[in-house]
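Peer 1: A predicted structure for the sequence below; I have some questions about it.
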Amino acid sequence: MNVYTSVKSTSPETEPDGCIRFSDVSWEQFEAIEAAFKDFRGVKFFYLDRLLQIITVSPEHEIIKKTLCMLLEAYMRANGIRFYGKGGPTLGNRELGGRKEPDDSYDIGTQKIVPDLAIEVVITSGGINTLELYKRLGVREVWFWQNSQLSLYYLTGENYQDMPRSTFLPDLDLELLIRCANMPDQYDAVTELLANISPV
């Protein structure tokens with residue numbers, strides 16, 4: 001099977017912001033397409049239940065992701081909270097019916113196989129249900145950054161519940177974090193955060 005045949009056998013939906021979606025994609029087709037892009041930087045894949053989403057990562061996406069991570073790590077270090085940055089390792093497998101790379105992720109307290117916290121920067125609206133895959137994986141907390149705002153979800157039983165604050169970082173002032181994340185300069189953003197937090 002070649003990649004051209006794989007793509008032609010699906011129904012693509014093209015978005016103007018660098019996102020292409022295909023339906024009715026087998027696992028074998030997904031892996032063939034993914035392998036064809038292995039030497040291309042800035043391309044991410046999300047597969048779930050025969051749906052495939054291919055996204056080209058924009059500079060805007062990478063800047064806000066880095067800013068959020070810098071702020072989060074500065075907060076945790078200032079408060080003596082042990083953390084382990086995992087970056088965006090590929091999560092999922094054929095048995096779970098899905099696979100994707102989080103934009104970033106962390107273990108809190110101790111190192112684990114599945115991250116405690118995943119961060120997703122959403123530039124493209126719509127698409128595959130990210131929380132469904134994270135639920136199958138058992139990721140306990142997921143943060144979504146979209147339209148300059150932050151939404152938090154915590155896995156309770158079989159479903160995610162939206163939360164007003166982080167379960168892992170209950171003393172984190174989210175309004176301050178959002179304000180700093182929206183600042184145009186990363187260095188100034190971290191400086192502002194640190195100047196306005198009191199270690200707990």
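Peer 2: Looks like it came in fine. Quantities reported herein were computed from a predicted structural model and do not represent experimental measurements. Numbering: from 1, shown residues only.

Peer 1: Now do the strands in the chain.
Peer 2: 11-14, 19-23, 43-48, 51-56, 83-85, 91-93, 98-100, 104-108, 117-121, 141-146, 149-156, 159-163 (DSSP state E).

Peer 1: mind listing what the fifth one pairs with, with the direction of each?
Peer 2: Taking DSSP bridges as the criterion, strand 83-85 forms sheet pairs with strand 104-108 (antiparallel).

Peer 1: Show residues contacting the strand it pairs with.
Peer 2: Residues from elsewhere that reach strand 104-108 (CB atoms under 8 Å, 6 or more residues apart in numbering): 65, 68-69, 72, 76, 81-89, 115-119, 139, 168-169. (C-beta placed from N, C-alpha, C; glycine too.)

Peer 1: chain center to whichever helix in the chain runs longest, what's the gap?
Peer 2: The residue-count maximum for a helix in the chain (DSSP state H) belongs to helix 59-78. Its chain's C-alpha centre and that of helix 59-78 lie 13 Å apart, by CA atoms, centre = their mean, to the nearest Å.

Peer 1: same deal with stretch 130-150?
Peer 2: With CA atoms, centre = their mean, you get 7 Å for stretch 130-150.

Peer 1: same check, this time on stretch 151-161
Peer 2: 15 Å.

Peer 1: before we move on, the earlier item: ok, of the strands of the chain, where does mean pLDDT dip lowest?
Peer 2: Of all the strands of the chain, strand 11-14 carries the lowest average pLDDT, namely a mean of 46.

Peer 1: sorry, back to before: just the C-alpha atoms of the longest helix of the chain, please, in CSV.
Peer 2: What follows is helix 59-78, C-alpha atoms only, in CSV (Å, rounded to 0.1, in the frame of the first residue of the first chain):
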residue,chain,number,x,y,z
PRO,A,59,4.7,29.9,14.9
GLU,A,60,1.8,31.4,16.8
HIS,A,61,1.0,28.0,18.2
GLU,A,62,4.6,27.3,19.3
ILE,A,63,5.1,30.8,20.9
ILE,A,64,2.0,30.5,23.1
LYS,A,65,2.8,26.9,24.0
LYS,A,66,6.3,27.9,25.1
THR,A,67,4.9,30.9,27.0
LEU,A,68,2.4,28.8,28.9
CYS,A,69,5.1,26.2,29.8
MET,A,70,7.5,28.9,31.0
LEU,A,71,4.9,30.4,33.2
LEU,A,72,3.8,27.0,34.6
GLU,A,73,7.3,25.9,35.3
ALA,A,74,8.2,29.2,36.9
TYR,A,75,5.2,28.9,39.2
MET,A,76,5.9,25.3,40.2
ARG,A,77,9.6,26.0,40.9
ALA,A,78,8.8,29.1,42.9
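
Peer 1: can you list contacts of it?
Peer 2: 81-83, 85, 103-104, 106, 108, 119, 121, 123, 143, 145, 169, 172, 177, 180-181, 186, 189-190, 193-194, 197, 199.

Peer 1: how about 6 Å then?
Peer 2: 83, 103-104, 121, 123, 177, 180-181, 186, 189-190, 193-194, 199 (CB atoms under 6 Å, 6 or more residues apart in numbering).
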